[in-house]
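Asker: this is a predicted model, with the sequence first.
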Amino acid sequence: MRSILEIKNYLKRKDFSDINIENTIEKLKKEGYLNEEIFIKAYIQDQYNLTNNGPLKIKNGLIKLGISEDKINIDLDFNEKINKLIEKKVKQNHKLNTYELKMNITNYLIRLGYSKDSFEEYLDNIEVDDSALIKKEYDKLYSKYKTKYKDKKLMYYLRDRLYKKGYSIDLINEIINEEDLWSYIIIH
């Protein structure tokens with residue numbers, strides 16, 4: 001199936017005159033080959049069943065095909081699809097902390113055409129054990145910057161870098177105290 005705009009553009013590329021294009025469109029409408037309502041329903045169903053696109057992206061696709069916004073009504077339930085996409089992203093990004101993971105998923109779903117309201121509840125249920133991840137990140141940063149920064153500067157730099165990565169202050173302080181960086185700074 002094609003939209004009226006697609007047919008017009010195709011015929012223009014084939015150098016048909018405007019009069020012939022309009023006559024062809026009218027003839028196709030009369031014979032039932034061009035039906036905007038059927039096209040809209042088929043397009044929405046195809047996008048829903050064959051892609052991960054959300055309602056906003058589907059709607060924008062129809063608008064680009066020349067369908068007026070008031071004729072578009074997407075009344076499908078995307079909750080199960082959103083849940084599957086989030087579960088897939090959580091499995092794929094197991095090396096990200098909670099904050100980074102939620103941002104990654106949010107950006108991904110928005111690009112697919114889902115509104116933040118439609119998936120915010122699912123994101124609230126995501127929890128990742130950041131303690132193992134922060135330990136690994138801390139060790140990596142510490143070994144990289146221990147020669148560049150000294151004493152308190154090193155501790156503040158590590159704290160800043162971990163905070164920018166999305167770890168909570170409590171978790172950062174816990175890892176710094178666990179690694180006993182404060183006593184290292186006091187002794188040296």
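Answerer: Ah, there it is.
Asker: where in the protein is pLDDT low?
Answerer: 179-188 (pLDDT under 70).
Asker: how many neighbouring residues does the closest residue to L158 other than its chain neighbours have?
Answerer: In space, and not counting its chain neighbours, L158 is closest to L141: 5.5 Å by C-beta to C-beta, 6 or more residues apart in numbering. Heads up, the C-betas are built off the backbone N, CA and C, glycines and all. By the measure other C-beta atoms under 10 Å, the count of residues near L141 is 16.
Asker: what do you get for G113?
Answerer: 20.
Asker: let me see the contact set for the residue nearest to L158.
Answerer: Counting by C-beta atoms under 8 Å, 6 or more residues apart in numbering, L141 makes contact with L158, R161, L162.
Asker: what about the helices in this structure?
Answerer: With DSSP state H, the ranges of helices along the chain come out as 4-13, 18-30, 36-50, 55-64, 79-92, 98-111, 116-124, 130-145, 151-164, 169-178, 181-187.
Asker: who's in contact with N52?
Answerer: Counting by C-beta under 8 Å, 6+ apart, N52 has contacts K81, L85, L112.
Asker: my read is that the last one contacts I58, right?
Answerer: No. Using C-beta atoms under 8 Å, L112 makes no contact with I58, being 10.0 Å away.
Asker: what about these two, which has more around it?
Answerer: I58 (21 against 18).
Asker: excluding its backbone neighbours, what's nearest the more buried one?
Answerer: Excluding the flanking residues, the one nearest I58 by C-beta to C-beta, 6+ apart is Q47, at 4.6 Å.
Asker: burial check on the one you found, number of neighbours?
Answerer: For Q47, the count of nearby residues is 21 (other C-beta under 10 Å).
Asker: and if you look at N83?
Answerer: 13.
Asker: how close does it get to N73?
Answerer: Distance of N83 to N73, given as C-beta to C-beta, to the nearest Å: 23 Å.
Asker: can you check I44 too?
Answerer: Distance, I44 to N73, using C-beta to C-beta: 9 Å.
Asker: looking only at neighbour counts, state which of those two leads.
Answerer: Comparing I44 with N73 by other C-beta under 10 Å, the one with more neighbours is I44, at 20 against 9.
Asker: which non-adjacent residue is nearest the spatially most central residue of the chain?
Answerer: Centroid-nearest residue in the chain, with C-alpha atoms, centre = their mean: Y108, separated by 1.2 Å. The shortest distance from Y108 to any residue other than its chain neighbours is 6.2 Å, reached at K89 (C-beta to C-beta, 6+ apart).
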